[in-house]
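Novice: What follows is a predicted structure for the sequence shown.
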Amino acid sequence: MQINPLQPAEDVLERAVRLLDQGELIVVPTETVYGLAGDLEIPGVLEKMYRAKGRPDDKPIPLFAAEVSWIEKAGAKLGPGERALAERFWPGPLTLVLRVGDGFKGFRIPDYPVSLALLKKVGRILGVTSANRSGEPSAETAEAARAALGERVGVILDAGPSPGGIPSTVVKASGGTLEILRAGAIAPEDIMRIYMEAQRI
């Protein structure tokens, strides 16, 4: 389904939200690559995402939010360094793996009108991972996502080629230390510099 990347139509967003509410998976464009999205609070959706991607179920699904407050309400702990990274790089292609309870979860606020409008419309955090089969190249177009996932999704929101084409940088923050888990769209040295500067304040 075609969608304007800068001014997404309300009726298209509403259809996507209805599908998410029904436990369906959808494909959404982001500023990096196309993403496979689902509401992980609905029973069975997480398993459906793993099956769609052919992904091992021990690899967690990143979580997309529209605002930092959503992430805090989910129980994530943001210290001075994490907050500095959020202020500098969100919205944007940074996935922050934060402590939640006894474990860790990865969070991101996307910098793309369609993704943000969808999140605000649905009103809650969504699980979003790259719209490709595990081990295959990321989908930079709706056509690539369709070829990879086919009938496994309820709708594909087609906003044209991804403007970035490079996945988000993934970093894990714990106890005042930072670990780069995946290189991506943001240079690791920039992330480390901002994090360490905030730790010294």
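Specialist: Yes, it's here.

Novice: remind me which residues of the protein are low pLDDT?
Specialist: 201 (pLDDT under 70).

Novice: where along this protein do the helices fall?
Specialist: Remark: helices assigned in the chain by DSSP state H are 10-21, 45-53, 68-73, 80-89, 113-122, 142-149, 188-200.

Novice: How far off centre is the second one?
Specialist: Looking back up the chat, that one is helix 45-53. 15 Å (CA atoms, centre = their mean, to the nearest Å).

Novice: Same check on the first one?
Specialist: The chain centroid and the centroid of helix 10-21 are separated by 18 Å under CA atoms, centre = their mean.

Novice: quick one: which of the helices of the chain is nearest Thr129?
Specialist: helix 45-53 (6.7 Å; CB to CB). All C-beta spots, glycine's among them, are computed from the backbone N, C-alpha and C.

Novice: What are the contacting residues of the closest one?
Specialist: Helix 45-53 is contacted from outside by 23, 25, 36, 38-40, 55-57, 61, 127, 129, 132-134, 149, 152-153, using CB atoms under 8 Å, 6 or more residues apart in numbering.

Novice: If I take it and helix 142-149, what angle do their directions form?
Specialist: 100 degrees (axes from the mean of the first three to the mean of the last three CA atoms, to 10 degrees).

Novice: got JSON lines for the helices of the chain, with mean neighbour count too?
Specialist: Formatted as JSON lines, the helices of the chain follow (neighbours: other CB atoms under 10 Å):
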{"stretch": "helix 10-21", "mean neighbour count": "16"}
{"stretch": "helix 45-53", "mean neighbour count": "18"}
{"stretch": "helix 68-73", "mean neighbour count": "16"}
{"stretch": "helix 80-89", "mean neighbour count": "18"}
{"stretch": "helix 113-122", "mean neighbour count": "20"}
{"stretch": "helix 142-149", "mean neighbour count": "19"}
{"stretch": "helix 188-200", "mean neighbour count": "14"}
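
Novice: And the ones you listed: which comes nearest Phe107?
Specialist: Smallest distance to Phe107 across the helices of the chain (CB to CB): 4.9 Å, for helix 68-73.

Novice: Tell me the buried residues within the contacts of helix 45-53.
Specialist: Those of these that meet the buried threshold are 25, 36, 38-40, 55, 61, 127, 129, 132-133, 149, 152-153, by 16 or more other CB atoms under 10 Å.

Novice: Taking the residues you listed together, which two end up most distant?
Specialist: Between all members of the buried ones among the contacts of helix 45-53, the farthest pair (by CB to CB) comes out as Asp39 and Arg133, at 21.6 Å.

Novice: Can you tell me the closest non-neighbouring residue to Leu96?
Specialist: Computed as CB to CB, 6 or more residues apart in numbering, the closest residue to Leu96 that is not its neighbour in sequence is Phe107, at 5.4 Å.

Novice: Many thanks, I have nothing further to ask.
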